[in-house]
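Trainee: Sequence below, structure please.
(2 chains)
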Amino acid sequence: EDQVTQSPEALRLQEGESSSLNCSYTVSGLRGLFWYRQDPGKGPEFLFTLYSAGEEKEKERLKATLTKKESFLHITAPKPEDSATYLCAVQSNQAGTALIFGKGTTLSVSS
Amino acid sequence: GAGVSQSPSNKVTEKGKDVELRCDPISGHTALYWYRQSLGQGLEFLIYFQGNSAPDKSGLPSDRFSAERTGGSVSTLTIQRTQQEDSAVYLCASSTRGVVDYTFGSGTRLTVV
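Mentor: Predicted coordinates for the structure are as follows:
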């Protein structure tokens, strides 16, 4: 069964304190791994898609990486506006176009 | 429109009543998805529409749930005889064909009392 596990569930950082969020996955053939950001009361907002092990993508203070078993979302020198829930999702051969989501990591950055 | 629009944003209903949730996708997006986000859970796929093809209903949790998409645009998710476990945020997303990094609406928060 396809599965996505995110850790930690919650993370508190001081402004400027870099860290990483983890997304471990077990899928029957990975077609793509996705990172979304979700603010309270809003729908998820697309950040990145990664397709193969070794791939990396960056956007401002965020950098996503992918291995054969997990993905990391690295946050460099975070700011309070980076506070949100970060969701990881995978597309597998079994699930077709539907995405399988993890439960998310809620990040709080204080100034 | 500029984004995916969902209505209502909040809905409180009594157990046993039927509810209809509406999604207006981005103009030109042929693919439309419904997901459910329950408290403390990840997003759960419900149903997928692609153009005029038969929908993928594999994620619907019971026969109380149904959805339709009229004219390849607006979609309605209907939940009959609502139960307390149906309380969740129902999210709609749309995308162009073959693109999986879809755009989500802000969701409808359904509370069954």
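Trainee: Could I get the pLDDT score of A:Phe48?
Mentor: On pLDDT, A:Phe48 comes in at 94.
Trainee: what residues does the helix or strand harbouring it touch?
Mentor: Applying DSSP states H and E as the criterion places A:Phe48 in strand A:45-50. Applying CB atoms under 8 Å, 6 or more residues apart in numbering or on different chains, the contact partners of strand A:45-50 are A:32-39, A:56-57, A:59, A:62, A:64-66, A:71, A:73, A:86, B:100-104. Glycine gets a C-beta too; all of them are placed from N, C-alpha and C.
Trainee: and A:Ala89, how many neighbours does it have?
Mentor: Counted with other CB atoms under 10 Å in any protein chain shown, residues neighbouring A:Ala89 total 26.
Trainee: Surely A:Ile100 touches A:Gln6?
Mentor: No. Using CB atoms under 8 Å as the test, A:Ile100 is too far from A:Gln6 to be in contact (11.8 Å).
Trainee: same question for the next helix or strand after the strand holding A:Phe48, mean pLDDT?
Mentor: Later in the chain than strand A:45-50, the nearest helix or strand by DSSP H and E is strand A:56-59. In this model, strand A:56-59 has a mean pLDDT of 97.
Trainee: Then stretch B:14-24?
Mentor: Across stretch B:14-24, the average pLDDT comes to 98.
Trainee: Look at the residue in chain A that chain B sits nearest to and tell me its secondary structure.
Mentor: Using CB to the nearest CB, the single residue of chain A nearest to chain B is A:Gly43, 3.1 Å away. Three-state assignment for A:Gly43 (DSSP: H, G, I helix; E, B strand; the rest coil): coil.
Trainee: how near is it to B:Leu43?
Mentor: According to CB to CB, to the nearest Å, A:Gly43 stands 10 Å off from B:Leu43.
Trainee: Among those two, which residue is more densely surrounded?
Mentor: A count of neighbours by other CB under 10 Å puts B:Leu43 above the other of A:Gly43 and B:Leu43, at 28 against 22.
Trainee: so the more buried one makes contact with A:Lys103?
Mentor: No. If you go by CB under 8 Å, B:Leu43 and A:Lys103 don't touch, sitting 9.2 Å apart.
Trainee: Could you check how many residues crowd around the spatially closest residue to A:Glu9 that is not a sequence neighbour?
Mentor: Nearest residue to A:Glu9 in three dimensions, chain neighbours excluded: A:Thr105, at 6.5 Å (CB to CB, 6 or more residues apart in numbering or on different chains). The local packing of A:Thr105 (other CB under 10 Å) involves 21 other residues.
Trainee: I figured A:Thr105 hits A:Asp82, correct?
Mentor: No. The criterion here is CB under 8 Å, and A:Thr105 misses it with A:Asp82 at 11.9 Å.
Trainee: if I pick the nearest residue to A:Arg61 once chain neighbours are set aside, what's in contact with it?
Mentor: Ranked by CB to CB, 6+ apart and with sequence neighbours excluded, the top spatial neighbour of A:Arg61 is A:Thr76, at 5.0 Å. By CB under 8 Å, 6+ apart, the residues touching A:Thr76 are A:Ser18, A:Arg61, A:Leu62, A:Lys63.
Trainee: Cheers, nothing more for now.
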